[in-house]
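*Asks:* one predicted model, sequence on top.
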Amino acid sequence: MRIVMMGPPGSGKGTRAHIISELYGIPVITTGDMLRGAVREKTEYGLEAKVYMDRGDLVPDSIVNGIVKDRMGKPDLAKGFILDGFPRSVNQADALDEILKKKDVELTHVLSVVLSDKEIIERLSKRRSCPDCNEIYHLVSKPPKKEGICDKCGAKLILRKDDKKTVIRYRLLVYKETTHQLLERYEKMGLVVDTDGEIPFDELHDHLKKLLG
Ligand code: AMP
């Protein structure tokens, strides 16, 4: 299975990607996490990416295409992969086509998470993230056991700079401007499957199994 996840920030793409990963035993490639890792490690491209990420803009294609190409060259993708957060532009979709062509494989699904702007803003402003292991919490629906502390690794949870309300609105705008072209492209290829972003967490496992077969 070779899947691209699409959907606005905070729609539950990542959650779905990880459930699918467990169901089918295929790795998730999350460009947002890879970029945040590079920012933390202060690598050359991490320092460049940070400026764009803090204000909610897309990181230049040259950087993102490079890290995805490297990752897609690794040997653990024989059974497939789930791309979470990539492609996000036509140029990135072209780069992905190129990578897949070289590997002589094709995408099997583009899973599109559908959710209203109002719900997204509500979710992201209450989201808390672990800066060390990337675990995600929600102040109401998935609070950590100990307030402000990651259950998994004990680090102090943060509100990501780009999860502040003004930046969220901007990220949504960026998403809408760029992603609809990609959805149209994948719809023409007959790859798009919609998944309702409001489905409760404990029903997701069965829902995704039904969708993907
Ligand atoms: P995410 O966690 O997927 O919402 O990504 C957080 C931020 O990382 C985005 O707002 C972008 O600045 C950057 N980013 C992640 N993936 C991409 C991508 N495919 N292209 C450009 N920028 C990206």
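*Replies:* Looks like it came in fine. Residues are numbered from 1 along each chain as shown.
*Asks:* assign the residue in the chain that the ligand sits nearest to to helix, strand or coil.
*Replies:* Per Cβ to the nearest ligand atom, residue 32 is where the chain lies closest to the ligand, at 2.5 Å. Just so you know, the C-beta spots here come from the backbone N, C-alpha and C atoms, and that holds for glycine as well. Secondary structure state of residue 32, per DSSP: H, G, I helix; E, B strand; the rest coil, is helix.
*Asks:* surely residue 36 is in contact with residue 134?
*Replies:* Yes - assessed by Cβ atoms under 8 Å, residue 36 is found in contact with residue 134 at 7.3 Å.
*Asks:* coming back round to it: pull the contacting residues for the residue of the chain closest to the ligand.
*Replies:* By Cβ atoms under 8 Å, 6 or more residues apart in numbering, the residues touching residue 32 are 84-85.
*Asks:* can we see that at 10 Å?
*Replies:* Contacts for residue 32 (Cβ atoms under 10 Å, 6 or more residues apart in numbering) come out as 9, 13-14, 53, 59, 84-86, 88, 134, 160, 162.
*Asks:* cool, residue 121 as well?
*Replies:* So residue 121 contacts 10, 163, 165, 168-169, 172 (Cβ under 10 Å, 6+ apart).
*Asks:* which of the residues you listed are buried?
*Replies:* Buried members of the contacts of residue 121, counted by 16 or more other Cβ atoms under 10 Å: 10, 163, 168, 172.
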